[in-house]
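Asks: give me a 3D structure for the following:
(one chain, ligands or ions: 1)
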Amino acid sequence: MAQAVCVVVRYRKAVTYGVHALLAALETAGVEHELRLGTTPEETAEHILATGAGRVLVLWSFYSPDAEAMAAELATVRSLSGGRGLHIAGGVHATAEPQQVIDAGWDLAGIGEGESTIISLVRALQRDEPLTSVPGLAIRDADGVALRTGPAPQLPLDAFPSFTGRNGPIEITRGCRYTCRFCQTPFMFGGQFRHRSVASVREHVRAMAGRGLRDVRFITPTSLSYGSPGPDPDLGAVEELLAGVKEELPPNGRIFFGSFPSEVRPEHVTPEAMRLLKRYVANDNLIIGAQSGSDRVLAASGRGHDTSPVRDAVRIAAEHGFRPNVDFIFGMPGETEEDQAASLKLAADLADLGARIHTHTFMPLPGTPWRDAEPAFIPLATMTELDRLAQRGDAYGHWRKQAEHAVRLAAAAKAYPRRTPRRRTTG
Ligand code: SF4
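Replies: Take a look at the predicted model:
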């Protein structure tokens, strides 16, 4: 007879989208489980202690900059709950650095996309089967080494919903065909786009509208790539999506596309694309990825565009009534003072055209080609100029905090040199 499994989630606002997708996968697959959400370490521990007989699986998910803080929380939860529960860390950090995660105290690391893994894991716990049969895991062996099971499959996006019984942005595209060297997306989700079908998106919107929601947002690495396999937008596919969503919404429904929590690539911002968006969307801003004002740095970062489409994109977006929010990253590896001056000049020019600059600091993120790269020094003069832009209301962002994260990530990368993962034959 199957034993009961209680899934306790350390439920944090920063990672709700991914967690909702996992819970939706469990529900869609009809996997019996009790669910409890802990919004604080203390509440998480209370839930663990309150569960009855059976197994307790505690889900954690976090981004690389939060890894240290989450490890401290894990220690608190373990001590408050008397060591009960099997703790698994998932998400992009756990995928990239399973040994770090195991050393930090988690029992398991979830590697890659979690939907198939969570289904197999809960079933294995119910049946008391060895966890080596579960794909997409790193398991601590007797020596503390993270041993990996077989890879979790990357399924079509329609295989699972973005959420069930909840609301949130709908994931319309997973994976990214671009190869920006600072970005974890292609590493985590693969180098090809997988698009959710319009029918599946409509199903999500219909259910949300039925729950009284009128605003729809999307998760995608690059909004105007929807429906396209390659670098060129397929505006017919984008229109089919937006028209389909609009049909499912009530008359006062609103579509947000190309704005938070997603963005558009600069070369995709054309008058034709803007006219299309204007017919359907409610957002008054567009998030555009520029990243640098130096063609040399853009080429080194593998962005796949230079600075010229950035100026055009901002001008075209503004002409069509969108306020452009333009992302810049300072401190990319190899960036010189001249490169930074070029970025500041471009940022100021774009601000004059009506853009707001979203400033970031380069972080050597695990899993990326630049995991071990040295962040470039950001001199006081550059910092002062960024502050000046912010004081004028032309810039915003957490670049100072990210600079602190960058130092910690660089130290962690040095402590854990890249290694070839060891794999156990699955049972
Ligand atoms: S930064 Fe955007 S375009 Fe570049 S790889 Fe990441 S998701 Fe794709």
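Asks: what parts of this protein come near the ligand?
Replies: Residues of the chain lying near the ligand by CB under 6 Å from any ligand atom: 176, 178, 180, 183, 185-186, 221-222. For the C-beta atoms, the positions are set from N, CA and C on the backbone; glycine is no exception.
Asks: so what pLDDT did the residue in the stretch 1-150 of the chain positioned nearest to the ligand get?
Replies: The nearest approach of the stretch 1-150 of the chain to the ligand comes at residue 92, 11.6 Å away (CB to the nearest ligand atom). Looking at residue 92, its pLDDT is 95.
Asks: in helices, which of the residues of the chain next to the ligand appear?
Replies: Among those, DSSP state H puts 185-186 in helices.
Asks: quick revisit: for the residue of the stretch 1-150 of the chain closest to the ligand, phi and psi?
Replies: Dihedral pair for residue 92: phi -70, psi -30, per degrees, to the nearest 10.
Asks: these two touch, right, it and residue 189?
Replies: No - using CB atoms under 8 Å, residue 92 is not in contact with residue 189; the gap is 9.1 Å.
Asks: how long is stretch 177-193 end to end?
Replies: Stretch 177-193 stretches 6 Å from its first residue to its last (CA to CA, to the nearest Å).
Asks: what of stretch 5-17?
Replies: Note: stretch 5-17 ends 23 Å apart using CA to CA.
Asks: list the buried residues in stretch 340-359.
Replies: Under the neighbour-count criterion of 16 or more other CB atoms under 10 Å, stretch 340-359 has 340, 342-344, 346-348, 350-351, 355-359 buried.
Asks: and for stretch 207-221?
Replies: Of the residues in stretch 207-221, 207-209, 216-221 count as buried by neighbour count, 16+ other CB under 10 Å.
Asks: ok, now which ones touch residue 48?
Replies: Under the criterion of CB atoms under 8 Å, 6 or more residues apart in numbering, the contact list for residue 48 reads 8, 56, 58, 77, 81, 84-85.
Asks: one more pass at 7 Å, please.
Replies: By CB atoms under 7 Å, 6 or more residues apart in numbering, the contact list for residue 48 reads 8, 56, 58, 81, 84-85.
Asks: secondary structure class for it?
Replies: What DSSP: H, G, I helix; E, B strand; the rest coil gives for residue 48 is helix.
Asks: repeat that for the one 10 residues further on.
Replies: Secondary structure state of residue 58, per three-state DSSP, is strand.
Asks: separation between it and residue 145?
Replies: Separation of residue 58 from residue 145 (CB to CB, to the nearest Å) stands at 22 Å.
Asks: ok, residue 417 next?
Replies: Distance, residue 417 to residue 145, by CB to CB: 15 Å.
Asks: more neighbours: those two, which one.
Replies: Between residue 417 and residue 145, counted using other CB atoms under 10 Å, residue 145 has the larger neighbour count: 15 against 7.
Asks: who are the contact partners of residue 211?
Replies: The contact partners of residue 211, taken as CB under 7 Å, 6+ apart, are residue 167.
Asks: look up phi and psi at it.
Replies: Dihedral pair for residue 211: phi -90, psi 10, per degrees, to the nearest 10.
Asks: pLDDT of the strand or helix carrying residue 405, averaged?
Replies: Element membership for residue 405 (DSSP states H and E) is helix 399-415. Over the span of helix 399-415, the pLDDT mean works out to 92.
Asks: what secondary structure does whichever residue of the stretch 301-427 of the chain sits closest to the ligand sit in?
Replies: Using CB to the nearest ligand atom, the closest approach of the stretch 301-427 of the chain to the ligand is made by residue 303 at 6.6 Å. Following three-state DSSP, the label given to residue 303 is coil.
Asks: state the pLDDT value of it.
Replies: 97.
Asks: so it touches residue 291, yeah?
Replies: Yes - the pair residue 303 and residue 291 passes the contact test of CB atoms under 7 Å, sitting 5.9 Å apart.
Asks: these two: which is more packed in?
Replies: The neighbour comparison of residue 303 against residue 291 (other CB under 10 Å) goes to residue 291, with 25 against 22.
Asks: what sits against whichever residue of the stretch 201-350 of the chain sits closest to the ligand?
Replies: The nearest approach of the stretch 201-350 of the chain to the ligand comes at residue 221, 3.3 Å away (CB to the nearest ligand atom). Shown in contact with residue 221 (CB under 7 Å, 6+ apart): 173, 176, 185.
Asks: export those to CSV and tack on neighbour count and distance to residue 229?
Replies: CSV is the format used below for the contacts of residue 221 (neighbours: other CB atoms under 10 Å; distance: CB to CB, whole Å):
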residue, neighbour count, distance to residue 229
173, 22, 11
176, 22, 12
185, 18, 17
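Asks: ok so, going back, could you measure from the residue of the stretch 201-350 of the chain closest to the ligand over to residue 256?
Replies: Using CB to CB, one gets 16 Å for the distance from residue 221 to residue 256.
Asks: where do the helices sit along the stretch 251-400 of the chain?
Replies: Secondary structure of the stretch 251-400 of the chain, counting by DSSP state H, counting those that start in this stretch: helices at 271-280, 295-300, 308-319, 337-352, 380-391, 399-415.
Asks: what's the closest of those helices to residue 150?
Replies: helix 399-415 (26.7 Å; CB to CB).
Asks: identify each buried residue in that closest one, please.
Replies: Under 16+ other CB under 10 Å, the buried positions of helix 399-415 are 399, 402-403, 405-406, 409-410, 412-413.
Asks: give me the packing partners of it, helices and strands only.
Replies: In this structure, helix 399-415 packs against strand 356-361, with contacts taken as 3 or more CB pairs under 7 Å, 6 or more residues apart in numbering; DSSP states H and E.
Asks: run through who's touching the strand it packs on.
Replies: Strand 356-361 has contacts (CB under 7 Å, 6+ apart) with 323, 325-331, 347, 350-351, 386, 389, 394-397, 399, 402-403, 406.
Asks: again, but for stretch 73-90
Replies: Contact with stretch 73-90 is made by 8, 41-42, 44-45, 48-49, 55-61, 101, 105-110, 114, as judged by CB under 7 Å, 6+ apart.
Asks: dump it to PDB, restricted to CA.
Replies: The C-alpha coordinates for stretch 73-90 follow below in PDB (Å, rounded to 0.1, in the frame of the first residue of the first chain):
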ATOM      1  CA  GLU A  73      17.100  29.200   6.600                       C
ATOM      2  CA  LEU A  74      17.500  25.500   5.900                       C
ATOM      3  CA  ALA A  75      19.600  25.100   9.100                       C
ATOM      4  CA  THR A  76      16.900  27.000  11.100                       C
ATOM      5  CA  VAL A  77      14.100  24.900   9.700                       C
ATOM      6  CA  ARG A  78      16.000  21.600  10.300                       C
ATOM      7  CA  SER A  79      16.700  22.600  13.900                       C
ATOM      8  CA  LEU A  80      13.000  23.800  14.600                       C
ATOM      9  CA  SER A  81      11.600  20.600  13.000                       C
ATOM     10  CA  GLY A  82      13.800  18.100  14.800                       C
ATOM     11  CA  GLY A  83      15.500  17.100  11.600                       C
ATOM     12  CA  ARG A  84      12.300  15.700  10.100                       C
ATOM     13  CA  GLY A  85      11.700  15.800   6.300                       C
ATOM     14  CA  LEU A  86      13.500  15.200   3.100                       C
ATOM     15  CA  HIS A  87      14.700  18.500   1.900                       C
ATOM     16  CA  ILE A  88      15.200  19.100  -1.900                       C
ATOM     17  CA  ALA A  89      16.500  22.300  -3.500                       C
ATOM     18  CA  GLY A  90      15.500  22.900  -7.100                       C
END
